[in-house]
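J.: no sequence on hand, only this structure:
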């Protein structure tokens, strides 16, 4: 099949021919020990009243004070349930100022009790944490059935024998396949239900439960973002290695770093159900979440499953213009104010609120954080603020989380998306994503809800397998933006953005199987090559007017809209069952420089 719509530019062809795409290998510096001293937590149990938590803290403080090179945990089960923990602010274990040290669990199991983080890091550099598991000894999620209660409406009858009353936390409710102990792929959901009350024994009611179908089995997540396993957010944290760690459960993200510096590696790590149990959820939120940092991120050889949200999210954080008091000064607010940071010499860009078109760039001369008013006052090295409009977006591109590699991982059977890629200079290679509710790979910029991501430039997506993804109807309705198994889009307040925020992207040699709608969607982009991908059994369900209300009605198996300089070549489509679309659709109204050639199986 050869169809050339408008010839692509010679410069674009040369770029892909030269292979000048993707990230270099992230740099994560190893410890540089200042001594050969090895300490063991087992040596800090002097006295009958020394608990696991106290012994660990004593050993950690001694390690910091004496600059030890290695801290060992004798292999056993550690329980951190001290009543002193909730009397203190922060996580169970707080690493402060640790540098150049290896913490080796030697196969230990670390069990946490309180609903707060396991580990936080502050001003820590060149650390390795390895060889242990993390778990909580509290119920993170419960199953239940949706029933119709006369005179009250829909309610949830909670399974099990643990106490249930009006104080029982109900953070989110999602349909669940209890027989197979996995998330239902096209699930009805309620987030943050209001006015929870106990109608009778084990029967919980909220007016928001009316959105759930009677007879459905659901999972109640009691917590979502309440306690992360490893939180390395904040300036001063860099070169942190996590390897051979297993997370059986946590009431939040397994790994999270907002506003940290650079250099983070997660390797040979698992987020899985604890063997011998029938637990419904592992981490109640994301597997690994990185925001507003300097990059050098590596995630390799991992397995993440059964968590309550995405396996991976790598992104930056938008600020918005509140006012421009002078030609060189901006007052900025952000949904993520606590995570935003501006430092002298940081590079910023000004972007229009409707489509994120860039209209100005400058460097920060000075920045002042006003916690009382929840804003930043930023002074710039040029007069671009004279053109600023309230509500426009500001990107601190110095903290764009660019520079990452995600390879050889298995992400499966969990809620939400496989990967949210909202940064650039990246390589996503040889991963397997199976049975996740929404998109397998979502390259996006969100200027509507989450206000994350400055766009992906210089990105390679190669050799991945996406199977059984995007069955949820969240994005396949009439206002859906991320309609495909693999998306490259900008999500604006009115629909898909028409400015090419994403640039220079190679999608090559991937396999996409068993998805109900589009396999690949390209929008808000320029300089994209889709080459040598194998698609099987896409479009297995009707579109149901997908995208119709945002003037982007879904068509075909590969769809291109609001984009330029896109090459689609050498791809194949195989159908083993009836389909509702098998074409490569290019929107003639808003695309240019599109080449479609030598593809097989498409109409």
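T.: Alright, I've got the coordinates. Just so we're clear, the structure is a prediction, and the values are computed from it rather than from any experiment.
J.: any chance you could map the strands in the stretch 51-200 of the chain?
T.: 70-72, 77-80, 93-96, 99-112, 119-122, 125-136, 141-149, 153-158, 172-177, 182-183, 189-191, 197-200 (DSSP state E, counting those that start in this stretch).
J.: so which of the ones you listed gets nearest residue 531?
T.: Across the strands of the stretch 51-200 of the chain, residue 531 has its closest neighbour in strand 182-183 (32.7 Å, C-beta to C-beta). For every residue, glycine as well, the C-beta is placed using N, CA and C.
J.: ok, back up a step: now the strands of the stretch 51-200 of the chain as TSV including mean pLDDT and mean neighbour count?
T.: TSV is the format used below for those (pLDDT from 0 to 100; neighbours: other C-beta atoms under 10 Å):
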stretch	mean pLDDT	mean neighbour count
strand 70-72	98	20
strand 77-80	98	17
strand 93-96	97	18
strand 99-112	98	20
strand 119-122	98	21
strand 125-136	98	20
strand 141-149	98	18
strand 153-158	98	20
strand 172-177	98	21
strand 182-183	96	22
strand 189-191	97	15
strand 197-200	96	14
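J.: now distance to residue 429 too, for those strands, in a markdown table please.
T.: A markdown table is the format used below for the strands of the stretch 51-200 of the chain (distance: least, C-beta to C-beta, whole Å):
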| stretch | distance to residue 429 |
| --- | --- |
| strand 70-72 | 33 |
| strand 77-80 | 36 |
| strand 93-96 | 31 |
| strand 99-112 | 28 |
| strand 119-122 | 28 |
| strand 125-136 | 24 |
| strand 141-149 | 33 |
| strand 153-158 | 42 |
| strand 172-177 | 31 |
| strand 182-183 | 26 |
| strand 189-191 | 32 |
| strand 197-200 | 50 |
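J.: nearest to residue 329, of the ones you listed?
T.: Going by C-beta to C-beta, the one of the strands of the stretch 51-200 of the chain nearest residue 329 is strand 119-122, 31.2 Å.
J.: what pLDDT does the model give residue 14?
T.: Residue 14 carries a pLDDT value of 39.
J.: tell me how far residue 576 lies from residue 184.
T.: To residue 184, residue 576 is 24 Å away according to C-beta to C-beta, to the nearest Å.
J.: ok, these two, which is more surrounded?
T.: residue 184 (21 against 9; other C-beta atoms under 10 Å).
J.: ok, that one touching residue 212?
T.: No - contact criterion C-beta atoms under 8 Å: residue 184 and residue 212 do not qualify, at 11.7 Å.
J.: overlap in contacts, these two.
T.: residue 175 (C-beta atoms under 8 Å, 6 or more residues apart in numbering).
J.: now for the closest residue to residue 419 other than its chain neighbours: which residues touch it?
T.: Distances taken as C-beta to C-beta, 6 or more residues apart in numbering place residue 312 nearest to residue 419, at 4.6 Å, with adjacent residues excluded. Residue 312 sits next to 286, 287, 288, 289, 299, 304, 406, 411, 418, 419, 420, 421 when contact means C-beta under 8 Å, 6+ apart.
J.: now residue 312: how far from residue 182?
T.: From residue 312 to residue 182 the distance is 19 Å (C-beta to C-beta).
J.: how about residue 304?
T.: Distance from residue 304 to residue 182, by C-beta to C-beta: 14 Å.
J.: could you do residue 129 as well?
T.: Taking C-beta to C-beta, one finds residue 129 at 29 Å from residue 182.
J.: ok, now residue 81?
T.: Relative to residue 182, and taking C-beta to C-beta, residue 81 is found at 30 Å.
J.: what does residue 276 give?
T.: For residue 276 relative to residue 182 (C-beta to C-beta), the value is 17 Å.
J.: who's the residue nearest to residue 419 bridged to?
T.: residue 288, residue 419 (DSSP bridges).
J.: got a list of what the closest residue to residue 99 other than its chain neighbours touches?
T.: Once flanking residues are discounted, residue 99 sits nearest to residue 125: 4.9 Å by C-beta to C-beta, 6+ apart. Neighbouring residues of residue 125 by C-beta under 8 Å, 6+ apart: 99, 100, 236, 237, 238, 239, 240.
J.: can you give me the neighbour number for the third one?
T.: To tie it back to what came earlier, the one meant is residue 236. 14.
J.: residue 333 is in contact with residue 374, correct?
T.: Yes - applying C-beta under 8 Å, one finds residue 374 in contact with residue 333, separated by 6.3 Å.
J.: and the longest helix along the chain with strand 99-112, angle?
T.: In the chain, taking DSSP state H as the definition, the longest helix is helix 52-66. Between helix 52-66 and strand 99-112, the angle comes out at 180 degrees (axes from the mean of the first three to the mean of the last three C-alpha atoms, to 10 degrees).
J.: and helix 52-66, what does it pack against?
T.: On a contact count with 3 or more C-beta pairs under 8 Å, 6 or more residues apart in numbering; DSSP states H and E, helix 52-66 meets strand 38-40, strand 70-72, strand 77-80, strand 93-96.
J.: give the rounded mean pLDDT of that helix.
T.: Mean predicted confidence for helix 52-66 is 97.
J.: so what touches it?
T.: Under C-beta under 8 Å, 6+ apart, the answer for helix 52-66 is 35, 37, 39-45, 50, 68, 71, 73, 78-82, 84-85, 92-93, 95-98, 101.
J.: whichever of the residues you listed end up buried, select them in ChimeraX.
T.: In ChimeraX, this line selects whichever of the contacts of helix 52-66 come out buried by 16 or more other C-beta atoms under 10 Å:
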select :39,41,44,68,71,73,78,79,80,82,85,92,93,95,98,101
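J.: for residue 145, see how far away the nearest residue to residue 154 once chain neighbours are set aside is.
T.: Once flanking residues are discounted, residue 154 sits nearest to residue 209: 4.4 Å by C-beta to C-beta, 6+ apart. As judged by C-beta to C-beta, residue 209 and residue 145 stand 12 Å apart.
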